[in-house]
Structures are given as C-alpha cells and as structure tokens.
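K.L.:
Sharing a sequence plus its predicted fold:
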Amino acid sequence: EDGHSIGMHSYSHKYTEIYESLDSFKADLEKIRNLVKEKAGVECSLYRFPGGSSNSIGKKHIQEFIGYLDEEQIVYFDWNVSSKDATGVPLSVDEIVQNSTADLEKYRSAVILFHDSATKYNTVQALPKIIETIQAMENTEIVPITETSVPVQQIKKEE
C-alpha cells in the first residue's frame with residue numbers, strides 16, 4: 001500500500017540444497033512463495049538468487065532455474081552495486097555508505113545489494129545517510145523494483 005515491492009530470495013538460503021537440482025530449486029521456491037502469500041497476502045513475482053545468478057554453486061543448473069522462473073512469470077534481479085556488507089568483517093556505517101553510493105552515477109539503473117540480519121546492524125544504521133546521499137544526486141530517483149522494471153541480471157536466459 002505504501003509502494004514497496006516484495007521479492008523472494010529463497011526459503012532456506014542453503015545453497016547446496018537449493019542448487020542441487022531443478023526439483024530442489026522448485027521446492028524451495030514453492031515454500032517461499034507460499035510463505036509470502038500467507039504472510040503478505042500477495043502473489044510474488046520478483047526473485048533474487050542466493051549468491052546472485054552468477055554464483056559458482058548453482059552454475060551447473062542456473063539456465064534451468066532461469067527458465068523455470070520464466071515459465072512461472074517470475075522476474076529475477078541481481079545487483080550492480082554492493083554495499084559489501086556480506087563480508088566476515090563488520091563494516092562501519094561510513095564504509096557501507098561509501099560502498100553503496102560511490103559509483104551510482106555511472107548506472108542508468110542501479111540495484112544495491114544489502115543484507116539485513118541481527119549481525120548487520122550497521123547496514124540499517126547506514127540507510128538514512130545512503131537515502132539522503134542518493135536524493136541529493138541530480139536526475140536520480142529511488143524507486144521500487146516491479147515486474148516492469150528493467151532487470152539487472154548477471155546471467156541472461158539463453159534463447
């Protein structure tokens with residue numbers, strides 16, 4: 001209702017299980033899809049692969065997964081800017097802000113990778129400054145990802 005988008009990112013986040021086979025991928029996707037429907041009351045049609053579409057664990061089957069998402073009318077998105085908050089070393093708020101905003105102007109559309117968990121409190125703390133920095137840029141607008149957004153994808157579907 002406030003204009004936000006809901007996307008799926010897997011149910012388990014267990015790479016070796018999700019990417020084991022198409023059946024494993026389908027099962028995980030169905031679980032997260034049902035959970036989103038139950039909790040948010042929406043049919044979700046946006047997805048981000050754990051590790052991104054070019055991850056090394058799912059590479060063997062990634063085209064199958066992409067094809068399946070296409071059949072299910074689910075659009076997947078990767079990122080082209082990283083906050084780098086997924087490293088084992090906690091980053092400061094200023095480092096996350098810098099990583100998230102330094103190269104934004106070189107993209108027509110940018111998708112920034114963030115992580116939100118109990119151990120990523122600096123990411124949440126950095127968000128207001130990131131938002132302010134982006135809003136101060138000329139010809140730049142923060143918009144939700146929707147089914148009609150041009151997807152940022154590291155691996156494209158093979159035709």
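P.N.:
Done, it's in.
K.L.:
So for the longest helix along the chain, mean pLDDT?
P.N.:
The longest helix of the chain (DSSP state H) is helix 22-40. What helix 22-40 shows for mean pLDDT is 96.
K.L.:
in that helix, what counts as buried?
P.N.:
Neighbour counts over helix 22-40 (16 or more other Cβ atoms under 10 Å) mark 24, 25, 28, 29, 32, 33, 36 as buried. C-beta here means a position set from N, CA and C on the backbone, and glycine is covered the same way.
K.L.:
On the C-terminal side of that helix, identify the next helix or strand.
P.N.:
Next along the chain after helix 22-40, taking DSSP states H and E as the criterion, comes strand 46-47.
K.L.:
And that next one, what does it pack against?
P.N.:
strand 75-76 (3 or more Cβ pairs under 8 Å, 6 or more residues apart in numbering; DSSP states H and E).
K.L.:
What pairs with the helix or strand that the strand it packs on is followed by, parallel or antiparallel?
P.N.:
Next in sequence after strand 75-76, counting helices and strands by DSSP H and E, comes strand 81-82. Counting by DSSP bridges, the strands paired with strand 81-82 are strand 112-113 (parallel).
K.L.:
Helix or strand next in line after the strand it pairs with, which one?
P.N.:
By DSSP H and E, the next helix or strand past strand 112-113 is helix 121-135.
K.L.:
Let me see the mean pLDDT of that next one.
P.N.:
95.
K.L.:
which residues sit against it?
P.N.:
For helix 121-135, the surrounding residues in contact (Cβ atoms under 8 Å, 6 or more residues apart in numbering) are 83, 85, 90-94, 96-97, 100-101, 104, 112, 114-116, 140, 142.
K.L.:
Separate out the buried members of these.
P.N.:
Looks like the contacts of helix 121-135 have 83, 85, 91, 93, 96, 97, 100, 101, 104, 112, 114 buried, using 16+ other Cβ under 10 Å.
K.L.:
Including secondary structure, distance to residue 136 and pLDDT, could the residues you listed go into JSON lines?
P.N.:
Shown next, in JSON lines, are those (DSSP: H, G, I helix; E, B strand; the rest coil; distance: Cβ to Cβ, whole Å; pLDDT from 0 to 100):
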{"residue": "83", "secondary structure": "coil", "distance to residue 136": "18", "pLDDT": "96"}
{"residue": "85", "secondary structure": "coil", "distance to residue 136": "22", "pLDDT": "92"}
{"residue": "91", "secondary structure": "coil", "distance to residue 136": "22", "pLDDT": "93"}
{"residue": "93", "secondary structure": "helix", "distance to residue 136": "17", "pLDDT": "96"}
{"residue": "96", "secondary structure": "helix", "distance to residue 136": "17", "pLDDT": "96"}
{"residue": "97", "secondary structure": "helix", "distance to residue 136": "12", "pLDDT": "97"}
{"residue": "100", "secondary structure": "helix", "distance to residue 136": "14", "pLDDT": "96"}
{"residue": "101", "secondary structure": "helix", "distance to residue 136": "10", "pLDDT": "96"}
{"residue": "104", "secondary structure": "helix", "distance to residue 136": "11", "pLDDT": "91"}
{"residue": "112", "secondary structure": "strand", "distance to residue 136": "16", "pLDDT": "96"}
{"residue": "114", "secondary structure": "coil", "distance to residue 136": "19", "pLDDT": "93"}
